[in-house]
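A.B. asks: no FASTA, just this:
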């Protein structure tokens, strides 16, 4: 497999140092004034031409949020966030769609170029009219992309192919206009507005995100992908993603993030809701690479995310796979509520922290239905002065006869200044449930490094190889192209962490 | 090929090598024999550059270069290979991947073209076949779940693929049954030729029945106390180390 060799190449290419995707784009922005109040929420809602019910929903969430306080149970330290010092709305100025790439804002194109987005997809992303009708490259799997450029989705791709299959894949703001009945039915049905502090905030001020609807019996013909980027100074990002898989359908959704380098901390509080009906399957994969701050811990993204999937139907399955290498602070617990009988929840995670990064991440598996099954595989890698915590809950409800869980939490330490913590919560109210929990903590051994170096690998290549080996059980769950990207990221993120 | 003069080394302030003088000419296979604690493994680690081994004096010249000043990976690229006494496990790292990454790292360091996956697999399968190793050994994770014999054979496979100028075999015979020993010996013998030298470190004469050395050196208390032809190994087998180390008897 060429992936490791590629990883090594990438490490070499990246030894120039710094965050590869640390740049910002200067394009005309339309921005709301700083601060958060009902008027700002009304402004967001009005800019998006939202129906009254959605505005009311936002305002109710805001009212709830005002009464809540930031959660403090996570193993995270950060200066207080001034929620009044943020812009809650920023959008690239809308012009009529360009006719060709020549008409597209060159700054925008340069951003895509630095991100390594293929040319044809750039055209689609930039909203060039008719670009999404172009044929796909023969040797690549088809990936449809819905780019969130700051707070507004710039473009949506492959719409026509998806439409033929009856799949809806669009910005959630568009779904509010085109499919209000679906949005109204499912929005907040998995993560209610009062679920937690950050979910309430998101509900009040979310500006955009993705909406996916897979009709009954449809296998989504391509992998759905979104690029998120934070781009405007002090602009909080509050994406809202909603995926609904009707009976017997299947969808694989990829989410990848990069963000420009910044000195000031940036807040990110997304909400993702998944709903799977009878026999439906949702595979949700994330490679998260927000700016982690510099080597001294200055700057970096604060990432407070609520992700939850609801296996509503019998035999439904929701699978979360995440590779987390970025952010100064990560607070994230992609979870599954296993309500349907025989439903299955999976969580595969790699969380890597270096320098002064802090991650408190894990999952919740809530077993309600009979014979529900969940698998948790968590790989934490800590280097530098970072702190990495796995926090997970497995709850077996009284009715969940024959429920099963398997949990494996492995931690890998690089150096002697970092920390790894495992905090598993297990609550079982049904005596027929079977739960297994395995946990290991190890260090990259000196003899492993020496063995690799004796065979000709540099110290950094050796670390990359060993870390990728450690994460293999998770990486193999990612779609192929994503797995290659994730391997590169892991190697790059560990640069300079040894020796 | 390898020229060591007055090499002294210590671990944590404790002297282990007390002035080694040793020359291995190109194309020759030399054996180093010695009792436990004589410094055999230390010599192999000092030559390959393992951390924690302090060089206190002397020189080691390899193929015209001062190898003591080089990083371990630079020594590897220069053609120095160490077959480990205890090969290390790398969980999750595919053996073929590891070997190809290593080979290409060395080729890159030497300014040679890298092998693509297809070229590499062809080469690796041919070498594995020659060493009577099943193909699936390439697919497994590096040394994970390997038997003692499999680990040693994997070392020999790596050596065959990396084609070093000098191979140091650190007690490669330990823990091997006679069949595995023969396979390992055949692997080394197959590489013998005018551009391949080896330093075979062993406790027992047994291995030297299969890899017949050009010279045998006896190492005791961090020094070479006696050198001779292959017959020296037999004398040692008959009389034991005591005859060569009067003060340690």
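C.D. replies: Yes, it's here. Since this is a predicted model, take the numbers as computed values, not measurements.
A.B. asks: give me the element the nearest residue to residue A:371 once chain neighbours are set aside is part of.
C.D. replies: What sits nearest to residue A:371 in space, not counting adjacent residues and going by Cβ to Cβ, 6 or more residues apart in numbering or on different chains, is residue A:402, at 4.4 Å. No exception for glycine: its C-beta is placed from N, CA and C like everyone else's. For residue A:402, there is no enclosing helix or strand under DSSP states H and E.
A.B. asks: OK, contacts around residue A:402?
C.D. replies: Applying Cβ atoms under 8 Å, 6 or more residues apart in numbering or on different chains to residue A:402 gives the contacts A:370, A:371, A:432, A:433.
A.B. asks: Distance of it relative to chain B?
C.D. replies: 32 Å (Cβ to the nearest Cβ, to the nearest Å).
A.B. asks: Out of the contacts of residue A:402, which is nearest to chain B?
C.D. replies: Distance to chain B across these (Cβ to the nearest Cβ) is lowest for residue A:433, with 30.0 Å.
A.B. asks: How about the backbone phi and psi for the closest one?
C.D. replies: Per-residue torsions, residue A:433: phi -70, psi 150 (degrees, to the nearest 10).
A.B. asks: Determine the three-state secondary structure at the residue in chain B that chain A sits nearest to.
C.D. replies: Nearest residue of chain B to chain A, counting by Cβ to the nearest Cβ: residue B:92, 3.0 Å away. Put simply, residue B:92 is coil when judged by DSSP: H, G, I helix; E, B strand; the rest coil.
A.B. asks: that older thread, just the buried residues of the contacts of residue A:402.
C.D. replies: A:370, A:371, A:433 (16 or more other Cβ atoms under 10 Å in any protein chain shown).
A.B. asks: what's around residue B:242, how many residues?
C.D. replies: Applying other Cβ atoms under 10 Å in any protein chain shown, we find 10 residues neighbouring residue B:242.
A.B. asks: Could you look up the SS state of it?
C.D. replies: helix.
A.B. asks: do you know how far it is from residue B:220?
C.D. replies: Going from residue B:242 to residue B:220 by Cβ to Cβ, to the nearest Å gives 10 Å.
A.B. asks: what's the answer for residue B:144, then?
C.D. replies: 37 Å.
A.B. asks: of the two, who's got more company?
C.D. replies: residue B:220 (20 against 14).
A.B. asks: Can you give me the pLDDT of the more buried one?
C.D. replies: Confidence at residue B:220, expressed as pLDDT, is 92.
A.B. asks: Can you pull the phi and psi angles for the residue nearest to residue A:371?
C.D. replies: Dihedral angles (degrees, to the nearest 10) for residue A:402: phi 70, psi 20.
A.B. asks: go on, residue B:218?
C.D. replies: Torsion angles, degrees, to the nearest 10, at residue B:218: phi -110, psi 120.
A.B. asks: quick one, what contacts it?
C.D. replies: B:32, B:33, B:34, B:224, B:225, B:226, B:227, B:232, B:236, B:241, B:244 are the contacts of residue B:218 under Cβ under 8 Å, 6+ apart.
A.B. asks: Filter those down to just the ones in helices.
C.D. replies: B:232, B:236 (DSSP state H).
A.B. asks: could the contacts of residue B:218 go into JSON lines alongside neighbour count, distance to chain A and pLDDT?
C.D. replies: Shown next, in JSON lines, are these (neighbours: other Cβ atoms under 10 Å in any protein chain shown; distance: Cβ to the nearest Cβ, whole Å; pLDDT from 0 to 100):
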{"residue": "B:32", "neighbour count": "27", "distance to chain A": "18", "pLDDT": "96"}
{"residue": "B:33", "neighbour count": "27", "distance to chain A": "23", "pLDDT": "94"}
{"residue": "B:34", "neighbour count": "25", "distance to chain A": "22", "pLDDT": "90"}
{"residue": "B:224", "neighbour count": "17", "distance to chain A": "24", "pLDDT": "94"}
{"residue": "B:225", "neighbour count": "16", "distance to chain A": "28", "pLDDT": "93"}
{"residue": "B:226", "neighbour count": "17", "distance to chain A": "29", "pLDDT": "92"}
{"residue": "B:227", "neighbour count": "15", "distance to chain A": "27", "pLDDT": "94"}
{"residue": "B:232", "neighbour count": "21", "distance to chain A": "29", "pLDDT": "91"}
{"residue": "B:236", "neighbour count": "21", "distance to chain A": "29", "pLDDT": "85"}
{"residue": "B:241", "neighbour count": "19", "distance to chain A": "28", "pLDDT": "83"}
{"residue": "B:244", "neighbour count": "20", "distance to chain A": "31", "pLDDT": "77"}
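A.B. asks: Make CSV out of the contacts of residue B:218 and add distance to residue B:140.
C.D. replies: CSV is the format used below for these (distance: Cβ to Cβ, whole Å):
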residue, distance to residue B:140
B:32, 32
B:33, 33
B:34, 34
B:224, 39
B:225, 42
B:226, 42
B:227, 41
B:232, 40
B:236, 38
B:241, 38
B:244, 42
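A.B. asks: Quick check: mean pLDDT of the strand or helix carrying residue A:244?
C.D. replies: Following DSSP H and E, one finds residue A:244 within strand A:240-245. Per-residue pLDDT over strand A:240-245 has a mean of 96.
A.B. asks: For the residue in the stretch 151-300 of chain A positioned nearest to chain B, list the residues it contacts.
C.D. replies: Relative to chain B, the nearest point of the stretch 151-300 of chain A is residue A:287 (18.6 Å; Cβ to the nearest Cβ). Contacts for residue A:287 were tallied using Cβ under 8 Å, 6+ apart; they are A:254, A:255, A:256, A:257, A:322, A:323, A:325, A:478, A:482, A:485, A:486, A:489.
A.B. asks: gap between the two ends of stretch B:168-186?
C.D. replies: End-to-end distance for stretch B:168-186: 16 Å, by Cα to Cα, to the nearest Å.
A.B. asks: For residue A:249, see how far away residue A:278 is.
C.D. replies: In terms of Cβ to Cβ, residue A:278 sits 10 Å off from residue A:249.
A.B. asks: who has more neighbours, the two?
C.D. replies: The neighbour count for residue A:278 versus residue A:249, taken as other Cβ under 10 Å, is higher for residue A:249 (26 against 19).
A.B. asks: Nearest spatial neighbour of the more buried one, chain-adjacent residues omitted?
C.D. replies: Nearest non-adjacent residue to residue A:249 (Cβ to Cβ, 6+ apart): residue A:214, at 4.0 Å.
A.B. asks: Neighbours of that neighbour, how many?
C.D. replies: If we define neighbours as other Cβ under 10 Å, then residue A:214 has 29 of them.
A.B. asks: ok, it touching residue A:252?
C.D. replies: No: when contacts are counted by Cβ atoms under 8 Å, residue A:214 is not listed as touching residue A:252 (10.5 Å).
A.B. asks: what sits in contact with each of the two?
C.D. replies: Common neighbours of residue A:214 and residue A:252 (Cβ under 8 Å, 6+ apart) are residue A:220.
A.B. asks: Quickly find the element holding residue A:406.
C.D. replies: Judged by DSSP H and E, residue A:406 forms part of strand A:404-413.
A.B. asks: what residues does chain B put near chain A?
C.D. replies: Taking Cβ under 8 Å from any Cβ of the partner chain as the contact definition, chain B meets chain A at B:48-52, B:71-73, B:75-77, B:81-82, B:84, B:87-94, B:97-98, B:100-106, B:109, B:114, B:116-117, B:141, B:158, B:162.
A.B. asks: which of those count as buried?
C.D. replies: By 16+ other Cβ under 10 Å, those give B:48-50, B:72-73, B:75-77, B:81-82, B:84, B:87-94, B:97-98, B:100-106, B:114, B:141, B:158, B:162 as buried.
A.B. asks: Just confirm residue B:143 contacts residue B:86, I think it does.
C.D. replies: No: Residue B:143 is beyond contact range of residue B:86, at 9.5 Å (criterion: Cβ under 8 Å).
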